[in-house]
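Trainee: I would like the atomic coordinates for the input below:
(chains A and B)
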Amino acid sequence: MNLIQIVLSALLLIIVATYFTRLRSQLRDRLLVLCMAIGVFALLLFPDVSTQVANIFGVGRGVDFLFYLAHAGSVFIAIILYSKVRQQSEQIAELTRQIALKTARFAPDDTHSN
Amino acid sequence: MQAIQKSPERLPNMQPTKPKVYIIVPAYNESAVIAETIRPLLTLGYHIVVIDDGSHDNTYEKACQLPVWVLRHPINLGQGSALRTGTDFALQQGAQAIVHFDADGQHPPERIHDLLAPILNQETHIVLGSRFLDPEHSKEIPTLKKWVLKLGITFTGLTSGVWLTDTHNGLRALSAAAASQICITEPRMAHASEIITQIGKLKLPYQEIPTYIRYTEYAQQKGQSIFNALNIVIDLLLRKVFR
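Mentor: As a prediction, the model looks like this:
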């Protein structure tokens, strides 16, 4: 491993972590997905470009480079989905708690109050 | 849906001048022991709130036979959420102090007065039970559990700046003021660490008192596995990333 790989990996980690912890918004998520889609579309239309871009990153073949990008994109989308599932779980929990509060009863009696 | 009922003016055995204390008992599948756990609490003269956290057994029905408030989560959310629901309810009812008490019979009811005294005397806002302050009973703690708890104490101390002798004891009391400032967002078992972190952040005054855990066969079987500590750490880390 050479120094540029280490430095770029560290920078990428910092950028991704910062994005997920501080910068997310629906608009930014959509813009990122759109940029990725445009990038992939451009590479599909101009496949030779992929090889040139791949070489800049030290990757031999354009196809390999595209696979790396696709993998990174999938991971990104999986994290976004997980985040949305968490938000929904929190909303369900809040609804559940409100139901519990509204149906509170002082026992004892033999019949349910509802 | 019916409107929230208010507490009756007087409960049986309750003196008119008794402070308005609510004992919150979150329960999940505790039909075997819930009545046994609640009965000694009835003589204390405080309000008792049982939160059935989506049990599959008849915990709710058993609780409804006792002179206590009963709330039910239609689905299971976790002890943290159940405590939050119970605390919110108690605050809505005008509680002056709130006690958290486990439903499985592990906590000694006779410690509740010691837990509440510093709060009702306005010496502090939070009182936490600690099994390590009770030298006689702390010998009964299984060795492996003791070491995992000590690790938890260190982890919580380093992350919250609050150094306690027991960070995962469910027996605690809070003044209404403290209870309204602390917001339990962790639904499952990480709430214990979360409460301590908030005590540190909000600089709330606290004390520990000795208590003990009754390691009954029932409780041991039902209790948290030691590996759940890993779940707690992961939950806390995920919350830091996905705020």
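Trainee: count of neighbours near residue 31?
Mentor: Picked chain A for this. The number of residues packed near A:Leu31 is 11, by other CB atoms under 10 Å in any protein chain shown. Yep, even glycine has a C-beta here, placed from its N, CA and C like the rest.
Trainee: not quite, I wanted chain B
Mentor: Using other CB under 10 Å: B:Ser31 sits among 17 other residues.
Trainee: now it: which helix or strand?
Mentor: Using DSSP states H and E, B:Ser31 sits within no helix or strand.
Trainee: show me the contacts for the residue nearest in space to the middle of chain B.
Mentor: The geometric centre of chain B, computed from its C-alpha atoms, lies nearest to B:His100 (CA atoms, centre = their mean), at 2.7 Å. The contact partners of B:His100, taken as CB atoms under 8 Å, 6 or more residues apart in numbering or on different chains, are B:Ile24, B:Pro26, B:Leu83, B:Gly170, B:Leu171, B:Arg172, B:Ala173, B:Leu174.
Trainee: now do the last one against B:His73, distance only.
Mentor: Looking back up the chat, that one is B:Leu174. Taking CB to CB, to the nearest Å as the measure, B:Leu174 falls 21 Å from B:His73.
Trainee: quick one: which of those two has more around it?
Mentor: For B:Leu174 versus B:His73, the count of surrounding residues by other CB under 10 Å is larger for B:Leu174: 29 against 23.
Trainee: thinking B:Thr37 is in contact with B:Leu66, fair?
Mentor: No. Applying CB atoms under 8 Å, one finds B:Thr37 not in contact with B:Leu66, separated by 10.2 Å.
Trainee: pull the number of nearby residues for B:Gln181.
Mentor: Neighbours of B:Gln181 under the rule other CB under 10 Å: 15.
Trainee: what about the closest residue to it other than its chain neighbours, how many neighbours?
Mentor: Counting by CB to CB, 6 or more residues apart in numbering or on different chains, the nearest residue to B:Gln181 once its immediate chain neighbours are dropped is B:Leu202, at 5.5 Å. Using other CB under 10 Å, B:Leu202 has 11 other residues around it.
Trainee: verify the contact between B:Leu202 and B:Cys183 for me.
Mentor: No. Counting by CB under 8 Å, B:Leu202 sits too far from B:Cys183 to count as a contact (10.1 Å).
Trainee: please, which helix or strand holds A:Ser9?
Mentor: helix A:3-18.
Trainee: and the residue nearest to the centre of chain B, how far is that from B:Tyr212?
Mentor: With the distance defined as CB to CB, B:His100 ends up 16 Å from B:Tyr212.
Trainee: now for the chain, the helix or strand with the poorest mean pLDDT.
Mentor: Went with chain A since none was named. Per-element confidence for chain A was summarised using mean pLDDT, DSSP states H and E. The lowest value among helices and strands belongs to helix A:3-18, with a mean of 76.
Trainee: my question was about chain B
Mentor: When the helices and strands of chain B are scored by mean pLDDT, DSSP H and E, helix B:217-222 comes last with a mean of 70.
Trainee: tell me which residues of stretch B:168-179 come out buried.
Mentor: The neighbour-count criterion (16 or more other CB atoms under 10 Å in any protein chain shown) identifies B:His168, B:Asn169, B:Gly170, B:Leu171, B:Arg172, B:Ala173, B:Leu174, B:Ser175, B:Ala176, B:Ala178, B:Ala179 as the buried residues of stretch B:168-179.
Trainee: how about that stretch and chain A, touching?
Mentor: No. On the criterion CB under 8 Å from any CB of the partner chain, stretch B:168-179 is out of touch with chain A, staying 15.1 Å away.
Trainee: rewinding a little: which one of the contacts of B:His100 is nearest to B:Ala192?
Mentor: Of all those, B:Gly170 has the smallest distance to B:Ala192: 7.2 Å, by CB to CB.
Trainee: just give the closest residue to the closest one, not the sequence neighbours.
Mentor: Distances taken as CB to CB, 6+ apart put B:Asp102 closest to B:Gly170, at 4.6 Å, once the chain neighbours are dropped.
Trainee: check the gap between the one you found and B:Gln92 for me.
Mentor: The gap separating B:Asp102 from B:Gln92 is 23 Å, by CB to CB.
Trainee: please identify which of those two sits among more neighbours.
Mentor: B:Asp102 (19 against 12).
Trainee: sec struct for that one, please.
Mentor: The local conformation at B:Asp102, judged by DSSP: H, G, I helix; E, B strand; the rest coil, is coil.
Trainee: contacting residues around it?
Mentor: With contact taken as CB under 8 Å, 6+ apart, B:Asp102 is in contact with B:Val25, B:Pro26, B:Thr37, B:Gly170, B:Leu171.
Trainee: with B:Pro19 instead?
Mentor: Taking CB under 8 Å, 6+ apart as the contact definition, B:Pro19 lies against B:Gln96, B:Ala97, B:Leu116, B:Leu120.
Trainee: rerun that using 7 Å as the cut-off
Mentor: Contact analysis of B:Pro19 by CB atoms under 7 Å, 6 or more residues apart in numbering or on different chains lists B:Gln96, B:Ala97, B:Leu120.
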